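> Curious how this folds, go ahead:
(chains A, B, C and D, ligands or ions: 2)
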Amino acid sequence: MLDAIGAKSVPELFRSIPEPLRLARPLDVPPALDEIALFAEMQRLASRNQVAHPPFVGAGCYPHHVPPVVDQLLLRGEFFTAYTPYQPEISQGTLTALFEWQTFVCLLTGLDVSNASMYDGATATAEAALMATRVTGRRKVVVSAAVHPEYRKVLDTYLRSTHDEVVTVPFGADGRTDLAALAGAVEGAAAVIIGWPNFLGVVDALPEASALARKAGALTIAVTAEAVAFGLLEAPGALGADVAVGTMQSFGNPPSFGGPAPGFFAIREPYLRQLPGRVCGATLDKHGRRGFVLTLSTREQHIRREKATSNICTNAGLCALAATMHLAFLGKQGLSDLARLNHGRLRLLRDALAARGVKPAFSGPVFNEQAFEVGDAEAVVSRLAKKGIAAGAPLARWYPDHPKARGALLCVATELHSPELIDLFAKAVQP
Amino acid sequence: MLDAIGAKSVPELFRSIPEPLRLARPLDVPPALDEIALFAEMQRLASRNQVAHPPFVGAGCYPHHVPPVVDQLLLRGEFFTAYTPYQPEISQGTLTALFEWQTFVCLLTGLDVSNASMYDGATATAEAALMATRVTGRRKVVVSAAVHPEYRKVLDTYLRSTHDEVVTVPFGADGRTDLAALAGAVEGAAAVIIGWPNFLGVVDALPEASALARKAGALTIAVTAEAVAFGLLEAPGALGADVAVGTMQSFGNPPSFGGPAPGFFAIREPYLRQLPGRVCGATLDKHGRRGFVLTLSTREQHIRREKATSNICTNAGLCALAATMHLAFLGKQGLSDLARLNHGRLRLLRDALAARGVKPAFSGPVFNEQAFEVGDAEAVVSRLAKKGIAAGAPLARWYPDHPKARGALLCVATELHSPELIDLFAKAVQP
Amino acid sequence: MSNPTGWKPSMEQGAAAAGPMGPGAGGAVQGIAYEEPLVFEHGSRGRCGVSLPAAPGPEVASDLPPALLRGGIEGLPELSELETVRHFTRLSAWNYGIDTGFYPLGSCTMKYNPRSSEALARLPGFAWLHPLAPAELAQGALELMWQLERALSEIAGLDATTLTPAAGAQGELCGLMVIRAWHQAHGNPRKKVLIPDTAHGTNPASAALNGYTCVELPSGPDGRLHPETVQQAMDEDVAAIMLTNPNTLGIFETHIAEIAAIVHAKGGLVYGDGANMNALLGVARPGDLGFDVIQYNLHKTFATPHGGGGPGSGPVAVRAALAPFLPLPVVVKEGETYRLVTDVKERPSTVGKLREFWGNFGMFVRAWAFIRECGPEGLKATAELAVLNANYVRAQLKGTYNLPYETDSLHEVVFDDKAQKATGVTTMDVAKRLIDHGFHPPTIYFPLVVHGALMIEPTESESRETIDAFVTAMRAIAAEAVAAPEAVKAAPLKPVRARLDETRAARKPVLRWTPGMKVE
Amino acid sequence: MSNPTGWKPSMEQGAAAAGPMGPGAGGAVQGIAYEEPLVFEHGSRGRCGVSLPAAPGPEVASDLPPALLRGGIEGLPELSELETVRHFTRLSAWNYGIDTGFYPLGSCTMKYNPRSSEALARLPGFAWLHPLAPAELAQGALELMWQLERALSEIAGLDATTLTPAAGAQGELCGLMVIRAWHQAHGNPRKKVLIPDTAHGTNPASAALNGYTCVELPSGPDGRLHPETVQQAMDEDVAAIMLTNPNTLGIFETHIAEIAAIVHAKGGLVYGDGANMNALLGVARPGDLGFDVIQYNLHKTFATPHGGGGPGSGPVAVRAALAPFLPLPVVVKEGETYRLVTDVKERPSTVGKLREFWGNFGMFVRAWAFIRECGPEGLKATAELAVLNANYVRAQLKGTYNLPYETDSLHEVVFDDKAQKATGVTTMDVAKRLIDHGFHPPTIYFPLVVHGALMIEPTESESRETIDAFVTAMRAIAAEAVAAPEAVKAAPLKPVRARLDETRAARKPVLRWTPGMKVE
Ligand SMILES: Cc1ncc(COP(=O)(O)O)c(C=O)c1O
Ligand SMILES: Cc1ncc(COP(=O)(O)O)c(C=O)c1O
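Numbers count the residues shown, from 1 in each chain, chains lettered A, B, ... in the order given. Ligands and ions are numbered 1, 2, ... in the order given. Just a heads-up that it's a prediction; the model follows:
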């Protein structure tokens, strides 16, 4: 090959790099491992993570059964070794699946349009806020304190750079957004951001909040981290939300220590030109056969550069495919069964804890997650950690000064938490 | 659907089964499990099998590293959910791979023709003996006592029904077949069956045995259970074998408690019409493009019925594919590296045991398996079992009266047995 | 997996509007495929597709006789991991499997192979267990085998089961060996086995391999075997009759009880080829029908993958009287622990060993998973749906294709090409044309009693929409046979290869790659 | 995986005789494919593809406000598990991936994605670990992140790394936020960012999202950015310059040290877009070149799968002075235990959080596996082979296609369609025709500075034989452009779909399925 190139040696190919700028020594990284040694080393690391029991913590990342068929199909090289479908004629597999993803997102959220996925729920929320400022020309967004704290942190980070203002409104004893406070803050807002369900597991006051927002000319952004809830709770679009964002991690994506997972972003049709990220659309080939392509790319950075609706390029395609597959297997029946099952398991958990005198921290209705009054939550967490169980999320970590949050442990129950396991957990929490 | 059929009910479709012959109650099998419960139950069973350490026992089933890429490709539905390629136009994937399997078998054994796989090494050996009786018209086969005892048992079972005679010749202190005894027995034999390497791990006297066989007009059948040996030892075909049989389990097929695994069967060209099992051959399609089909089926039961060369129908296709894949990844370099690595590990094991005063039971040269004088072998096995280690095979189980076998433990060392592990093992065997 | 079929009684009404591309999955179209040379024909050299610990040099073999050593094997591939991945990925795309589409291969029960079973069989505790691991390290595997044996005995209505046979044909061999041993124990192994003309080729082949001569029995005009026929052929030299029930025409042998009585009266035994058990699961049990021995095909009835031609598994169930003769090993439960009996001393009457180690354990795991997911109701639903689907196909194609036997069908139905005679279009042509429509052809030219047989077995896995699409294609082909027979004879047009010349393959066998290999 | 390339110096001589189907993997042919409706368009109804524990009835929701409940969602599929398996199996067959064939998509580094990494990322201890599991239950994951951070800092020649950004573009955003915060801490965030005209679109977009205005710098006739250009544009209002090195022309920015000095002199910082790090691994380090901040694309340089459009991972490495501003979390090692710093109190200057939880951990596992398998030599060999392959492509295609810049190429080479002008054949046509030859087209019409760019990046994974086959195809197309231009313009002919009408898609957007959906 060097002959064909007309070079004497491989190093010669690097002559455009000034000698003094080159690295004169080998990189200081660990020595190479053969595949057997690599597996041994990675097994060592993996075994230092304890996952024997499904975690009782959700808080934005939910443990659900992923049918093995989903994972096996994801390993088909045609899917996972492809990239963004720039060449639609040989990317119809990815494109068709993305079109199905967009449809699933619309059906679940009750909105008109979905993009092809976002990094995650937190950035989707921040991008939604930015979209609202572009749509309304306003610079203030109002967010409920009951929206996932991680999402709110990211919202702050993103909006700080664009000098937009974030106003937070508190939640009440029922764990729902304080509507009076919201009414006071909504004037002149670009958007109202509220959880569905919210971070406390509570089914929040979306209908009321969206009504207030609409009056004030603000968009309503509903945020959902536990998408299984869509199988039991009314669609945000049907309750006044103009935008629905969050993650579909619950479908087909294991926790994986928090990432990757497919963020979703759905809107009402009028905001289409302000939608961030990639979108897949249907069209015809020159023989009139239906096919799919990436479209409306004039919104995107590779055309608009600094005027783009977002800088997102690589998104979460494979995670969205995993969710699409899982949703396809679940189907109409499976999704509502799964949602009822989850709610039923949460009720079992609540009853099991109640039987031991442990009460919910908030009075509002919940789906599959709830905060409980356990006293010293951190102590409970470390006690159960000794048993190899991830107990839950102590709310005080995010709401140090909130009276209700102090001593509250946020716990989840899903189809993975058998009645026996729930019982064992309740006993461990309150021996 | 019932309407289209013109039936009132599904039970009506079974009217041809006389009422009294039908089962009037549900089957007495355990109740149905959902997928989550199924995984829990199967996990329970799997966890009662201890596989933390690679076993130090081979004895016909060898623990080797299976590159994950092999298993992931095997999960492609086009491969594992297809059946025998009766329709070649839509089975070129299976057929091409079988043609490659046949080629690998020929290259490794140094023979001319291979079939598309057998059930396993033991039945391949029995079928080889039967083929030899058909080829020679003789009714006696001579087998070395050092051939895998399991294979010899199956040989007995098969030949008993056909009233053919099996004569066993002993092995000597070097663990090699007793050539004098063989010379005495070979007259009028249809075949001489000898291991390569043999059950004791010893590289047996194949060249000498095949010379004796040829003189007596008998076929030489070389039996190989550890096919990795082909990467270091001369091909049986090059040492006078007319037939080479055994299993390619070592390539791409985990132990799986002994099955399934791909039996192989290779012969010299002249015996082609007596070859049992399926064979894949090259041909052209009507546009002159090369393709592959199952061929020479006039030997098989679906045409010849009771005159078939064998009754084998479904064989071990997917296991053969796994072996083909693994061999393709290994290639020329990888196979000889792997073989040298295995031999090197066996030498480490021998040295580690020698250092603790444990000697080999037989003086003959070995590949990656050797019998050691450990005294009470069964005691060693149960002692190591307590540590979760499968120690080896006590030869006395198969050779109760053989002086050398008493107190001998047959152990294997492969690329999976790191020097550290070998050390740990030696210490456990001889504390 | 979801329940074997996702079927609910409610679904009868469910045949809904079809998608724009026709009902169920769309048909075949022309698409892109990739030529791929044999792995030995790639130009690449000097590469290696695996990552191994550093290997010692040739000197490591210093303790071996130089004459017995060999160097690198000329001709083996020298490809990178990526090149090899592409090779097999491309080859797979030339294949058709159940995961690709409808696969109504009669007599082979091509049902869905649950992905969950694939995951379970790969659990390290199963996949990495050594067959000679001490019993205390293998209790889970032994318990699974013990449970599976019992479930299979119950499903067969018999008393004991051996899991060891490697496939159906070896199950036949095993069953006949047991029969021979039983007769032997009663003084005379006998000489003959009665086999109807509808039987699968492995039946006579297995009998012959067992040293028995086969007597072929003609089946009646209704496709059934008649007692008189058996009566005439039966004598004290007959060791057994080998029946498949339902037989390979998909027809239930209604006279089975009477036939069994005739055979038993003369001291013979009744062997059942259980390849068609999918029709009877939970509905009727061979033992109750008069069978003394039966083999299963786990890769058919119990959804273990066919793997492009195996591995299979052919457990054999027998009556108590025959149990002592079953091959080794036998799993026994003593208190709470399980153990394998492998020593003849413990089972003096055993026929011995049939294969190395214990059986195709990987298939046991999958079959047990299938049984556990179905449960009693699921197993029965399996048979009911398989029979419902087959009868639906029959009703839809009757009239379009000739039905040689009007007799009731159970899980499969056999048509022939009589109705197409005039057009010159044969069963082979219809089969090849089906490929262009996106379907795997049925089994053809078997059973031999039907000239030009088209043997269709839809299994319980398929939805009505899929079967409707298949029916539509079959009708379109029948119409095309009249309108444009040569088009049908030119099929298939869409796969990477057109009809392949099988005569050429047999006349000048090229059975392996060699450098510069030519096919002409 | 085997070593990244299976390459050995010995291999230079290795280009051996090609197989009968041409060197390397064969080209594209017409084969069978299967039409498949949308999952929502299947006729089937009433089925379900999952197996769940028995679910409670609607009464379970008695504790929820009825007004907030919904029933089954109309429009969702109702398919069996098998139907769904077939659906996605068939869709996948319409796709082209690295596992299908050569994928020289410039700037995207489409190298082999090791299957071993896929297996490792699926180890339960990694895949099933919850991000909020107590640190004592997650020590393995934290150790892995800690190690990966250090390795990435070493490879970049910088001092600290954050793993959190979700992809390259978010890495850019992160890096610019850190830069802004650093300036802020020095009293003035500044207003502008300098970006050469060769930059990827995400660069200006990220700058804008950060509230900076972009100043575009023209690159010189040699495809390089020249110090004078920077000198002129640089002032105290410039927060940073964003450079890609090698740039998107595959050309090394030789003046980088001088440019960095100019920017630093005016108090600006130098940001590096590390998308092209594959060219520099172990050869040169951005930190040593004068960069203060750089983002990686693990899904390019470190072989994590591109997944049809993600997920990616975009860690950012910075100089010590910038470390305090990195986003949360930060992994710290205290004695032998690891812990995540998530509280701003511990890192008062942090720019905050950029995404939920810690980052795309699944990608960290794969990237760490890649680094561990390569080791120092393997990483350097990666860069050397990537550059060798790109220069080989350049040498083979030069003369056939116009090379707009004669300047040395590193890991990729950019051609254009000038030489084809007369024929009317464009870059788009060449790309589509490549599909018919069995190859994925290069990146086209980027970078924007080259009119009709064909940007080819072979990566280190490809064998000479594969590249030769690609070169042969490219030459054949150039010849065909002269002989039969309309044939090239008609391409592609082989895939399941011909050229798709993108204008129509944008003019009448149909972005989701609806019952009876029409596309016209
Ligand atoms: C009716 C019948 N009997 C026996 C067999 C043989 O079973 P196997 O192929 O598993 O050996 C088959 C399958 O081919 C069959 O269809
Ligand atoms: C040069 C360059 N910079 C930045 C990016 C953006 O990276 P990502 O797609 O991971 O956001 C890319 C990849 O598309 C690129 O090629």
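> which residues touch the residue of the stretch 101-250 of chain C found nearest ligand 1?
Ligand 1 sits closest to C:G168 of the stretch 101-250 of chain C, with a gap of 2.4 Å, by C-beta to the nearest ligand atom. In this view, the C-beta of every residue, glycine as well, is placed from N, C-alpha and C. Residues near C:G168 by C-beta atoms under 8 Å, 6 or more residues apart in numbering or on different chains: B:313-314, C:202, C:273-275, C:295-297, C:300, C:312, C:314.
> can you count the residues close to C:V488?
Residues contacting C:V488 under the criterion other C-beta atoms under 10 Å in any protein chain shown number 23.
> Regarding it, what is its secondary structure?
Assigned state for C:V488: helix (three-state reduction, DSSP: H, G, I helix; E, B strand; the rest coil).
> pLDDT score for it?
If you check C:V488, the pLDDT there is 97.
> sorry, back to before: could you measure from the residue of the stretch 101-250 of chain C closest to ligand 1 over to chain D?
Distance, C:G168 to chain D, by C-beta to the nearest C-beta, to the nearest Å: 23 Å.
> Now intersect the contacts of C:G168 with the helices, please.
Those of those mapping onto helices are C:202, C:300, per DSSP state H.
> Please determine how far the residue lying closest to A:L272 once chain neighbours are set aside is located from D:T162.
Distances taken as C-beta to C-beta, 6 or more residues apart in numbering or on different chains place A:V113 nearest to A:L272, at 5.8 Å, with adjacent residues excluded. Distance of A:V113 to D:T162, computed by C-beta to C-beta, to the nearest Å: 33 Å.
> Which of these two has more residues huddled nearby?
Taking neighbours as other C-beta under 10 Å, A:V113 and D:T162 compare with D:T162 leading, 30 against 21.
> give me the residue from the stretch 51-200 of chain C nearest ligand 2.
Closest point on the stretch 51-200 of chain C to ligand 2, by C-beta to the nearest ligand atom, is C:L82, at 21.6 Å.
> excluding its backbone neighbours, what's nearest that residue?
That would be D:Y112: by C-beta to C-beta, 6+ apart, it lies 4.1 Å from C:L82.
> ok, now A:H402?
Once flanking residues are discounted, A:H402 sits nearest to A:L395: 7.4 Å by C-beta to C-beta, 6+ apart.
> contacting residues around that neighbour?
A:200, A:361, A:371, A:377, A:402, A:405-406, A:408-410.
> Now tabulate the residues you listed in TSV and tack on distance to ligand 1 and neighbour count.
Converted to TSV, these look like this (distance: C-beta to the nearest ligand atom, whole Å; neighbours: other C-beta atoms under 10 Å in any protein chain shown):
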residue	distance to ligand 1	neighbour count
A:L200	58	29
A:A361	61	26
A:A371	58	27
A:A377	60	25
A:H402	67	15
A:A405	64	23
A:R406	67	17
A:A408	61	27
A:L409	56	28
A:L410	55	27
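> Pick out whichever of the residues you listed sits closest to B:D242.
A:L410 (73.8 Å; C-beta to C-beta).
> Please report the distance of that closest one from ligand 2.
A:L410 sits 33 Å away from ligand 2, going by C-beta to the nearest ligand atom, to the nearest Å.
> Among the contacts of A:L395, name the ones in strands.
Of the contacts of A:L395, the ones assigned to strands by DSSP state E are A:371, A:408-410.
> before we move on, what SS does C:G516 have?
Of the three states, C:G516 takes coil under three-state DSSP.
> cool, and A:V245?
A:V245 ends up strand, using three-state DSSP.
> before we move on, could you check phi and psi at the residue of the stretch 101-250 of chain C closest to ligand 1?
phi -60, psi -50 (degrees, to the nearest 10).
> how deep is the closest residue to ligand 2 within the stretch 151-300 of chain C tucked in, by neighbour count?
Of all residues in the stretch 151-300 of chain C, C:H299 sits closest to ligand 2, at 45.3 Å by C-beta to the nearest ligand atom. The local packing of C:H299 (other C-beta under 10 Å) involves 29 other residues.
> list the contacts for C:E143?
B:45, B:48, C:338.
> Dump the residues you listed to JSON lines, plus distance to chain A, pLDDT and neighbour count.
Formatted as JSON lines, the contacts of C:E143 follow (distance: C-beta to the nearest C-beta, whole Å; pLDDT from 0 to 100; neighbours: other C-beta atoms under 10 Å in any protein chain shown):
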{"residue": "B:L45", "distance to chain A": "17", "pLDDT": "98", "neighbour count": "21"}
{"residue": "B:R48", "distance to chain A": "16", "pLDDT": "98", "neighbour count": "18"}
{"residue": "C:Y338", "distance to chain A": "25", "pLDDT": "98", "neighbour count": "22"}
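> Which one of these is nearest to ligand 2?
Among the contacts of C:E143, and counting by C-beta to the nearest ligand atom, the member closest to ligand 2 is B:L45, at 43.8 Å.
> List the single closest residue to the closest one in space, sequence neighbours excluded.
C:G140 (3.9 Å).
> The one you found and chain D, how far apart?
For C:G140, the distance to chain D (C-beta to the nearest C-beta) stands at 18 Å.
> Ok, A:A320 next?
Distance, A:A320 to chain D, by C-beta to the nearest C-beta: 8 Å.
> do you know how far A:A124 is from D:G201?
Distance of A:A124 to D:G201, computed by C-beta to C-beta: 21 Å.
> When these two are compared, which one has more neighbours?
In this view A:A124 and D:G201 are compared by other C-beta under 10 Å, and A:A124 has more residues nearby, 32 against 21.
> can you state the direction angle for the helix or strand containing that one and strand A:243-247?
Using DSSP states H and E, A:A124 falls within helix A:121-136. Orientation check (axes from the mean of the first three to the mean of the last three C-alpha atoms, to 10 degrees): helix A:121-136 against strand A:243-247 gives 160 degrees.
> and the helix or strand that comes right after helix A:121-136 with helix A:121-136, angle?
Counting by DSSP H and E, the next helix or strand C-terminal to helix A:121-136 is strand A:140-144. Angle, strand A:140-144 to helix A:121-136, by the same axes, to 10 degrees: 140 degrees.
> what mean pLDDT does strand A:140-144 have?
Average pLDDT, strand A:140-144: 98.
> just stretch A:345-352 next, same as before
98.
> What of stretch A:208-223?
For stretch A:208-223, the per-residue pLDDT averages 98.
> Pull out the buried positions in it.
Buried residues in stretch A:208-223, defined by neighbour count with 16 or more other C-beta atoms under 10 Å in any protein chain shown: A:208-210, A:212-213, A:216, A:218-223.
> go on, stretch A:263-271?
Buried residues in stretch A:263-271, counted by 16+ other C-beta under 10 Å: A:263-267, A:271.
> give me phi/psi at C:A498?
phi -80, psi -170.
> Which residue ranges of the stretch 101-250 of chain C form strands?
Under the criterion DSSP state E, counting those that start in this stretch, strands of the stretch 101-250 of chain C are mapped to C:160-162, C:192-196, C:213-217, C:238-244.
> For C:V263, which of those is the nearest?
Of the strands of the stretch 101-250 of chain C, the one closest to C:V263 (C-beta to C-beta) turns out to be strand C:238-244, at 5.1 Å.
> which helices and strands sit right next to that closest one?
Where contact means 3 or more C-beta pairs under 8 Å, 6 or more residues apart in numbering or on different chains; DSSP states H and E, strand C:238-244 is packed against helix C:168-185, strand C:192-196, helix C:202-209, helix C:256-265, strand C:269-273.
> Give me the sheet partners of that strand and which way each runs.
strand C:192-196 (parallel), strand C:269-273 (parallel) (DSSP bridges).
> Same list, those strands, but as JSON lines with mean pLDDT, mean neighbour count and distance to B:T414 please.
JSON lines is the format used below for the strands paired with strand C:238-244 (pLDDT from 0 to 100; neighbours: other C-beta atoms under 10 Å in any protein chain shown; distance: least, C-beta to C-beta, whole Å):
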{"stretch": "strand C:192-196", "mean pLDDT": "98", "mean neighbour count": "25", "distance to B:T414": "46"}
{"stretch": "strand C:269-273", "mean pLDDT": "98", "mean neighbour count": "29", "distance to B:T414": "41"}
